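Colleague: Build me a model:
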Amino acid sequence: MTNPAAAPRSASPVSAAASHSPVSAAASHRPERVRIFHARAITTLAGPQTQALAVLAGRIVATGGLAELSAAFPTADRTDLGDGHVVPGFHDAHCHPSCLAETKLRLHLGSGDTSRPPRERIAAAIAATPPGGWVTVEGYDPRADPGGRLDRAALDALAPGRPVVVIHFSCHMAVANSPALELARFRDGDPAPAGGDLGRDATGRLDGWIYERAWFDEWYRAVGEPEFLPSHGIEDLVEPLAEVCADLHATGITSWCDALVTPKELRLYQLASERGRLTARVGMLLWFRYLDELRRAGLRAGFGDEWVRVVGVKLMADGALAGGTCLCSRPYRAETGGDNGIQVMGDEELAATVEAAHAAGLRVGVHANGDLAVGKVLDAIERARALHPRNTVNHRIEHCSMVDDALIERIRRSGVTPVPFGSFVHGHGAKLIGYYGDERAERVCAHRDLLDAGITVAGSSDYPAGPLNPLLAVQTMVTRRTADGRVLGADQRLTVAQALEVYTAGSAHATGESHLKGRLAPGMLADFVVLGASPFDTDPDGISEIPVRSTWVGGRRVWSAES
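Modeller: This is a model prediction of the structure:
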């Protein structure tokens, strides 16, 4: 892989072009000088607040007062960050930006002109697609559809004779019309596949809804299999990915873990990096169906560099928290998925896959929302550790939404890093209460209980399934307030400092990079964000409204509110 730090990097097409000019190329061969960044206040999360950072070759070499660092580095250049408040760059430990590059070239119902009803926008997308072509729509929320929940018949009426798939905002399910079901080889008399489900109407006919593994196994087919959904070529996705980088930088994000990639997305990140269009640091969890390829290549957790690296392998134990399909030990009222959710991977397959990955020196990131699913994941991890104790990498439980005291103790003993949602309580509070009842909803995303047990916790959005803004996540972890104003689980509230640490140092720990990022200290990467106000001095309910002034990666500005 090419390390973009070796070449001029930029945040916009204009500066990208300038960075490849002869003048810039010559300058890039000169020895770098120390640059001192100074601001009204800098929260390092490695000690007390300070006012200045000294940076050389993309890393912090010293922190302290401006006068102190100026005396230590008298020839250093200076960058005045104004009266803003600097914090370490936000690190989203579980999101899906690479799929958003493809989304930029498709219709997403959660973006653009959201004033028109979903069916009207879908009909417009169908009309704009050449005859015979697939129509793929993302971001569908049945609860926000005034026409009622879409089904096979409705999509058949909108697009007779041509395949249409509309993907639920959780990405754990989709609804398809008759031509699409036929191409996916789903017929009315077929049983539901293991780990998934097929929706049916009152007569037993398929209603078009495809759940969990019935959907994933079509969406993410393995190497050598024909794609179910047509997709764009990698070359076409480089610039959309650069736009996605800018979107995330605008919220203060400097790093992320793309929590489900295939070889295509891995190649996309590499190509974007080689072309200087990847301005963020990216870790990846590869879908478990590619585990054999990783093992044959001998790749272990952490393969790559500071810009593009393999974090581990992604598995899925159960369904979606906000989709009402996660696997719980007690029944709950849900619109789909039976009385206590869907188990996506059977116990034997889960245990065998976790063991194979662990034995190969790989980290596993296992999606598990419900308490029953979390317990099954811990069973598999504990077994793998007992059989192959030499691999000491910290495995992850993605989302880890419902836990009790016994599960928390097992998480602590196993050295597992939980990666709960940062702002789902805010964005989906009403759904959580409706699905799981007050008692369980109060303890969803139990950040306080996990931290109090001495467990390092990572911060994540699951974007686009959840809100992206890390400051909204910080606000939610501090207030536990839902969008409609209800406090849901007051005893799980964190301090502002703890919430910031979850979304920076905690996330770096989850990707095996706590030695590189998450804090502003000597030897660490100079990744930081300049905020328009101090989150410590802001009303907790207003933290999400703090403006991001600029975002810096390796001491280079990759986004600014002024440009």
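
Colleague: Please spell out the segments of the chain that come in under the pLDDT threshold.
Modeller: 1-31, 220-228, 230, 333-338 (pLDDT under 70).

Colleague: how about 50 then?
Modeller: Residue ranges of the chain with pLDDT under 50: 1-29, 223-224, 334-337.

Colleague: Show me which helix runs longest in it.
Modeller: helix 424-442 (DSSP state H).

Colleague: Pull out the buried residues from it.
Modeller: Buried residues in helix 424-442, counted by 16 or more other CB atoms under 10 Å: 424-429, 431-436, 440-442. Where C-beta positions appear, they are placed from N, C-alpha and C, glycine not excepted.

Colleague: can you list contacts of it?
Modeller: Residues outside helix 424-442 that contact it (CB atoms under 8 Å, 6 or more residues apart in numbering): 143, 321-322, 324, 328, 332-334, 401-402, 444-445, 462, 466-467, 472, 475-476, 480-484, 486, 488-489, 491-492.

Colleague: Wait, a helix at residue 45?
Modeller: No - read with DSSP: H, G, I helix; E, B strand; the rest coil, residue 45 is coil and lies in no helix.

Colleague: which residues sit in contact with the closest residue to residue 541 other than its chain neighbours?
Modeller: Excluding its sequence neighbours, the residue lying closest to residue 541 (CB to CB, 6 or more residues apart in numbering) is residue 479, at 6.0 Å. Under the criterion of CB under 8 Å, 6+ apart, the neighbours of residue 479 are 487, 493, 540-541.

Colleague: Among those residues, the buried ones, what's the ChimeraX command?
Modeller: Selection of buried members from these for ChimeraX, criterion 16+ other CB under 10 Å:
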select :493,540
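
Colleague: Can you name the two of the contacts of residue 479 that sit furthest apart?
Modeller: Spanning the widest gap among the contacts of residue 479 are 493 and 541, at 12.3 Å by CB to CB.

Colleague: Please report how far residue 154 lies from residue 345.
Modeller: To residue 345, residue 154 is 32 Å away according to CB to CB, to the nearest Å.

Colleague: These two: who's more crowded?
Modeller: residue 345 (27 against 20; other CB atoms under 10 Å).

Colleague: what element comes up after the longest helix of the chain heading to the C-terminus?
Modeller: Tracing the chain C-terminally past helix 424-442 and defining elements by DSSP states H and E, one meets helix 447-452 next.

Colleague: Run the chain-centre distance for the very next helix or strand once past that next one.
Modeller: Next along the chain after helix 447-452, taking DSSP H and E as the criterion, comes helix 470-479. The chain centre lies 16 Å from the centre of helix 470-479; the measure is CA atoms, centre = their mean, to the nearest Å.

Colleague: Helix 470-479: what's the following helix or strand?
Modeller: Next element after helix 470-479 (DSSP H and E): helix 496-501.

Colleague: And the helices in the stretch 201-350 of the chain?
Modeller: 213-219, 234-249, 263-274, 291-297, 347-359 (DSSP state H, counting those that start in this stretch).

Colleague: Make TSV out of these and add mean neighbour count and distance to residue 373.
Modeller: Formatted as TSV, the helices of the stretch 201-350 of the chain follow (neighbours: other CB atoms under 10 Å; distance: least, CB to CB, whole Å):
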stretch	mean neighbour count	distance to residue 373
helix 213-219	22	13
helix 234-249	19	29
helix 263-274	20	25
helix 291-297	15	20
helix 347-359	19	9
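
Colleague: of those, which approaches residue 192 most closely?
Modeller: So among the helices of the stretch 201-350 of the chain, helix 213-219 is nearest, using CB to CB, at 6.5 Å.

Colleague: With adjacent residues omitted, what lies nearest to the residue nearest the centre of the chain?
Modeller: In the chain, the centroid-proximal residue (CA atoms, centre = their mean) is residue 95; its distance is 1.0 Å. Ranked by CB to CB, 6+ apart and with sequence neighbours excluded, the top spatial neighbour of residue 95 is residue 463, at 4.3 Å.

Colleague: likewise residue 238?
Modeller: That would be residue 272: by CB to CB, 6+ apart, it lies 5.2 Å from residue 238.

Colleague: residues touching the one you found, list them.
Modeller: 238, 241-242, 278.

Colleague: For residue 522, give me phi and psi.
Modeller: Backbone dihedrals for residue 522, given as degrees, to the nearest 10, come out at phi -50, psi 130.

Colleague: hang on, it packs against residue 63?
Modeller: Yes - at 6.8 Å, residue 522 counts as touching residue 63 under the criterion of CB atoms under 8 Å.

Colleague: Between these two, which has more neighbouring residues?
Modeller: A direct count of neighbours by other CB under 10 Å for residue 522 and residue 63 places residue 63 higher, at 22 against 12.

Colleague: Quick check: that one is in a strand.
Modeller: Yes - when three-state DSSP is applied, residue 63 is found to be in a strand.

Colleague: Hmm, it is touching residue 523, no?
Modeller: No - contact criterion CB under 8 Å: residue 63 and residue 523 do not qualify, at 10.9 Å.

Colleague: Now do the residue nearest to residue 541 against residue 232, distance only.
Modeller: Distance of residue 479 to residue 232, computed by CB to CB: 40 Å.

Colleague: Residue 216 too?
Modeller: 20 Å.

Colleague: ditto for residue 56
Modeller: According to CB to CB, residue 56 and residue 232 sit 40 Å apart.

Colleague: ok, the two, which is more surrounded?
Modeller: More neighbours surround residue 56 than the other of residue 56 and residue 232, with 17 against 14 (other CB under 10 Å).
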